[in-house]
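>>> below is the structure, and that's it, no one-letter string:
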């Protein structure tokens, strides 16, 4: 068997956890897409003469809101030309944006270096701060014990 055939017949092992995570992700995306793009059926309004005020208000609101529920997925359509105009403007202004980004990068370089060094030294800062507090607590405790012994020894005589 040649090396090309061996590569073609080689098995790719995928851990079961990754497969399950992928299947769950695809299922969640599919359910989300269905929930967003599903247009409900026309609401049924039953003509009843004896209903409560809340029930009739609910029916009226359902009928009033239904056109909005149908139109909502298509609200973005009037904004497409505006998006194209902004896209063209961004492409025209993009060289200026790049120059400004470079200038900002150069201007903020010292502060980013200081921030990086401070981030690296932060664990040491915390360690020495806690060590200082523990030292103060232990030293105060020993001093209190020493004063107590001195007081008791002085009282005895």
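That came through, no problem. Keep in mind that this is a model prediction, so the values were computed, not measured. Numbers count the residues shown, from 1 in each chain.

>>> what is the helix ranked longest in the chain packed up against?
The single longest helix within the chain, with elements called by DSSP state H, is helix 109-156. Applying 3 or more Cβ pairs under 8 Å, 6 or more residues apart in numbering; DSSP states H and E, one finds that helix 109-156 makes contact with no other helix or strand. Bear in mind the C-beta positions are built from the backbone N, C-alpha and C, glycine included.

>>> give the rounded mean pLDDT of it.
The average of the pLDDT scores along helix 109-156 is 91.

>>> likewise for stretch 92-104?
Per-residue pLDDT over stretch 92-104 has a mean of 94.

>>> roughly how far apart are residue 33 and residue 70?
18 Å (Cβ to Cβ, to the nearest Å).

>>> now swap in residue 154 and tell me
93 Å.

>>> between the two, which one's more packed in?
Each of residue 154 and residue 70 has its neighbours counted (other Cβ atoms under 10 Å); residue 70 has more, 12 against 8.

>>> which residue is nearest the centroid of the protein?
The chain has residue 25 as the residue nearest its centroid, 16.9 Å off, counting by Cα atoms, centre = their mean.

>>> which element is residue 101 on?
In this assignment (DSSP states H and E), residue 101 forms part of helix 80-107.

>>> quick check: domain ranges of this protein?
Segmentation of the chain into domains, based on automatic domain parsing, reads 14-75, 121-157.

>>> need these in TSV (columns: distance to residue 104).
Below are those laid out as TSV (distance: least, Cβ to Cβ, whole Å):
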stretch	distance to residue 104
domain 14-75	36
domain 121-157	25
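
>>> right, and those - which one's nearest residue 91?
Closest of the domains of the chain to residue 91 is domain 14-75, at 25.8 Å (criterion: Cβ to Cβ).

>>> so for the closest one, mean pLDDT?
70.

>>> which residues does residue 126 contact?
By Cβ atoms under 8 Å, 6 or more residues apart in numbering, no residues touch residue 126.

>>> look up how far residue 84 lies from residue 91.
Applying Cβ to Cβ, the value for residue 91 to residue 84 is 11 Å.

>>> same thing with residue 140?
Counting by Cβ to Cβ - residue 140 and residue 84 are separated by 71 Å.
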